[in-house]
Every structure is written in C-alpha cells, then in structure tokens.
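# Structure for the following, please:
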Amino acid sequence: MTKKIVVTGLGATSPLGGTAPESWAALLAGESGVASLQQDWVKELDLPVTFAAQAKVRPEDVLSRQETKRLDPSSQFALISAREAWADAGLEGSDVDPDRVGVDYSTGIGGLWTLLDAWDTLKEKGPRRVLPMTIPMLMPNAAAAAVSMNLKARAYARTDVSACASSTEAIANAYDHLQKGYADVVVAGGTEAVVHPLPIASFAAMQALSKRNDDPATASRPYDISRDGFVLGEGAGSIVLETEEHALARGARIYAELAGGGVTSDSYHITAPDPEGSGAARAVYAALGQAGATPDDVAHINAHATSTPVGDIAEYKALLAVFGDRVHSIPVSATKAATGHLLGGTGALEAIFTILALHNRLAPPTINLTSQDPEILLDVVTSPRPLGDGPLLAISNSFGFGGHNSVVAFRSY
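Residues are numbered from 1 along each chain as shown. Next up, the predicted model:
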C-alpha cells in the first residue's frame, strides 16, 4: 500500500536569510542575495567575475568554535539548516526512535575549501602540517554524516552527488525510502559552499557565469533576453519528511505532502542539456506518475531556470512537451534570480520555496525580468501571486551537469 509522505519541518541558510522563514520573506519582498565579493583574492587573482550570492548569515556566527573547526563550510551549512528543520518539526527533545530516522543528504562538489586549503598547506608548509581531519572534512558524505550524528539518525545516512540535481534527487530518494519502510522520519536536503576562486574561474572559463560585475544584484535574470549566465551561490536547505501516520500520531504540523519524484538521465553531454529537453520531460512525467497526477493537475512550477541562454530554453521545451499550450498559463517562479545557484544545495532550497508556496497559496516572484525572451512563452510570476483555493499540486525542477534530471511534486495538505 502506498503511504502518504508529508513535510513537517523546514530549515535553510541562504543568500536571502539565515533561516527558512527569513529566506522566504526576503524572496517575497523581491530582494537579491547577490553582491560584489570583498575578499582580497578577487583582485589578487584578477577574477573575471567579482560577485556571488554568499550566505547572508555566516556559519561561524551560528555554530560553536569547535564545530566550525571540524567541519567544512558545506557541512556547516548543512548542520545549521538540518537543526532548524528538526526543531521546526517539533522533534527536538522528542522520543522519536533514532533507529527509525534516516538522512538523505546531498552535495554537488563537497568539501572544496578543505581540499584546496590542505593542498596549499602541503605545498607551503609540508605534509606534517596537513590537518588529520582533512579527509573526514572534504569527503562528499561529510554533510550527511554530520547531520546523522547530530540528530542521532541511525536508520541510514546516504549521500546523493548528481551536480545541480543532487538535493532534489535526495528528496526523491527519501520518498522511496519512506515508502519502503527504511525509516519513519527522514531529514533530506542539500548543501554547497564553493564561493572560491577556483570554481569561479572554472565556471567563467566555460562561459557559464554572468559577468555583470557592474550590477551584481540584477545579474541573474532567468528568461530575460539579456541573460548571460548564472550566479554562483552557497547555503543549504533541509526538510523533515515523515509518513503521514507517524506525523499524525505525534500531532505534528504538516506543511504539504511530498507526492512523488522522478529521476532521469539525458545521456547527451557532460555540461549541455538535451536541447529538446526530453530527459527533463521524462523526469516531470515520472514525478507526476508517482504522485498519481496528470499534467492538468499542476498549478505551479518552481523552475530550474539558471539564467543561461541554452538551459532556460531547454527547460521551456521540456515543459512544453509535458504540458502543451497549457504551460503558458501555469504560474512559474524562477527563484535563482534572487538566490543565485547553490549547485548541489539549490534543489532543496527551491523545494522549500515550493512547499511554502503551497502552504501559503502564494507563488513567489522572479526578479530581474525586464524583457522576456520571446522564445520562452511562460507565465513568469514577477510579483507575489495568489494560487487560489482547493487542492494544489506543484513541481520543482533541478537539472545538472552530466545530464542529471530530478523533479519532485508536492501537494497542498
């Protein structure tokens, strides 16, 4: 028998705010989390891109000194957001069975700061000065491990690494794990902390980043005719998922239902999406199929919409293939315009925005859209828009290098 899976807790640390409610409020207010970088290495290395979307609240202002010393920034963000989600779900200090709590957590790159700092130390000071915690801090599963140990989640702790689709895939996997009875409660999400000169230089070299150094706040402009690339972001998002039976038994507040997820592969190109969006379309169909829904049921879309010239059109073609002409009347939000692109953490943050859109029956705005690309005829939400009464279904899309496609579907509760 298919179980109903529900969302009971939300947590985020993002370029818009240090918590999920703060991030949501700033998103609705049309704020941008993008700004010029003030680090010395920007000028020292003559970087072609001098801005990013950094987390608004620094982890060292939230965590203990010991935690910041023993965790890479990616794990720091994960722990902050997971603790918030856990408390928001009313599970802090509860008698939930640790053996029935799982973790599905993700990253696109992992502990990059730890890895590169250790390499610098090795070159400059020799092997004896390399920290013994280097490997546990840089490994991609470090965030999942930190969350599991902190929350005493002993059912399992798994890590998804599928580039920018990672945390949406983690949520889809959590749905499957709850259906299979691996756990009663799962903390799912994703994190990334790579606002570092090497990724900036690398992404810029492949012409993926916007180069609007003179106006960072408007640099991420999904669907705009003048879009020129994405903005690198950082942070983490976490959601607590439970079987409905378990949530109701403990009197939990329920935000929404996680109705299903879909994961596919383009098998096309290491960085470019399938130009026709066929793999992405199959992921949407898979998520709707698992949700027992049809394209006609979808009332809102949180799009991947990175603001790259090629990617935005490929996603539009995928949506057009699924929804036909009806896609032109479905409210679409492209929230990376405000947050930048959190890579492996972006899907979790956007899932939170999708959940809150359903919970509040309000689609968040897409900022920086001044002249919409005539080849992308979506109904883009540019100011907060009511979603109406009755049952609502929404999808959140994530696509990543390597041809990874992940889509999750949420239903109002």
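# what's across from Val187 in the sheet?
Val103, Val240 (DSSP bridges).
# so Ala157 makes contact with Gly102?
Yes: at 7.2 Å, Ala157 counts as touching Gly102 under the criterion of Cβ atoms under 8 Å. (Each C-beta comes from the backbone N, C-alpha and C, glycine too.)
# Is Ala170 within a helix or a strand, and which one?
If you go by DSSP states H and E, Ala170 is part of helix 166-179.
# which of Ala157 and Gly102 has more neighbours?
Gly102 (26 against 21; other Cβ atoms under 10 Å).
# so what's that one up against?
Contact partners of Gly102, counting by Cβ atoms under 8 Å, 6 or more residues apart in numbering, are Ala153, Ala155, Tyr156, Ala157, Arg158, Ala174, His177, Tyr182, Ala183, Val185, Val186, Val187.
# quick one: the residue nearest to the third one when sequence neighbours are not counted and Tyr182, what's the gap?
Same thing as Tyr156. In this structure, Tyr156 finds its nearest non-sequential neighbour in Gly102, 4.7 Å apart by Cβ to Cβ, 6 or more residues apart in numbering. Distance, Gly102 to Tyr182, by Cβ to Cβ, to the nearest Å: 6 Å.
# any residues in contact with both of these two?
Counting by Cβ under 8 Å, 6+ apart, the residues touching both Gly102 and Tyr182 are Ala155, Tyr156.
# Break the protein down into its domains, please.
Using automatic domain parsing, the domain parsing of the chain gives 5-256, 262-412.
# Mind putting these into a markdown table with mean pLDDT?
Formatted as a markdown table, those follow (pLDDT from 0 to 100):
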| stretch | mean pLDDT |
| --- | --- |
| domain 5-256 | 98 |
| domain 262-412 | 97 |
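# Name the strands paired with the host helix or strand of Val263 and say parallel or antiparallel.
Using DSSP H and E, Val263 sits in strand 256-265. Within its sheet, strand 256-265 is paired with strand 5-13 (antiparallel), strand 404-412 (antiparallel), according to DSSP bridges.
# Using a markdown table, lay out those strands together with distance to Leu198.
Shown next, in a markdown table, are the strands paired with strand 256-265 (distance: least, Cβ to Cβ, whole Å):
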| stretch | distance to Leu198 |
| --- | --- |
| strand 5-13 | 23 |
| strand 404-412 | 22 |
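# For the ones you listed, give me JSON lines that also has distance to Ala236 and mean neighbour count.
Formatted as JSON lines, the strands paired with strand 256-265 follow (distance: least, Cβ to Cβ, whole Å; neighbours: other Cβ atoms under 10 Å):
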{"stretch": "strand 5-13", "distance to Ala236": "6", "mean neighbour count": "28"}
{"stretch": "strand 404-412", "distance to Ala236": "17", "mean neighbour count": "28"}
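# that older thread, give me the buried positions along the helix holding Ala170.
For helix 166-179, a neighbour-count test (16 or more other Cβ atoms under 10 Å) marks 166-175, 177-179 as buried.
# that older thread, mind giving me the PyMOL command for buried ones among the contacts of Gly102?
Those of the contacts of Gly102 that count as buried under 16+ other Cβ under 10 Å are selected in PyMOL with:
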select buried, resi 153+155+157+158+174+177+182+183+185+186+187
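# Which two among the contacts of Gly102 are spaced furthest apart?
Among those, the pair separated by the greatest distance (Cβ to Cβ) is Arg158 and Val185, at 14.5 Å.
# Surely Arg83 touches Val187?
No: with contact defined as Cβ under 8 Å, Arg83 does not reach Val187; the gap is 9.8 Å.
# which residues are common contacts for the two?
Contact with both Arg83 and Val187 is made by residues Leu151, according to Cβ under 8 Å, 6+ apart.
# And Ser267, how far from Asn405?
In terms of Cβ to Cβ, Ser267 sits 11 Å off from Asn405.
# anything in contact with each of these two?
In contact with both Ser267 and Asn405: Gly279, using Cβ under 8 Å, 6+ apart.
# Kindly calculate the angle that whichever strand or helix holds Thr346 makes with helix 166-179.
Applying DSSP H and E as the criterion places Thr346 in helix 346-360. Counting by axes from the mean of the first three to the mean of the last three Cα atoms, to 10 degrees, helix 346-360 lies at 60 degrees to helix 166-179.
# mind listing what's buried in helix 346-360?
346-359.
# could I get the residues you listed as CSV with distance to Val62?
As requested, the buried residues of helix 346-360 are arranged in CSV below (distance: Cβ to Cβ, whole Å):
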residue, distance to Val62
Thr346, 21
Gly347, 23
Ala348, 18
Leu349, 17
Glu350, 22
Ala351, 22
Ile352, 18
Phe353, 21
Thr354, 25
Ile355, 23
Leu356, 21
Ala357, 26
Leu358, 28
His359, 25
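# between the residues you listed, which is nearest Met133?
Ala348 (25.5 Å).
# The closest one contacts Ala165, correct?
No: if you go by Cβ under 8 Å, Ala348 and Ala165 don't touch, sitting 11.2 Å apart.
# which residues of the stretch 301-413 of the chain fall in helices?
Shown for the stretch 301-413 of the chain, the helices assigned by DSSP state H, counting those that start in this stretch span residues 309-323, 336-339, 346-360.
# Also the stretch 51-200 of the chain?
65-70, 73-88, 112-125, 134-138, 142-151, 166-179, 197-205.
# Include distance to Asn397 when you put those into CSV, please.
What follows is the helices of the stretch 51-200 of the chain, written out as CSV (distance: least, Cβ to Cβ, whole Å):
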stretch, distance to Asn397
helix 65-70, 33
helix 73-88, 21
helix 112-125, 25
helix 134-138, 29
helix 142-151, 23
helix 166-179, 8
helix 197-205, 21
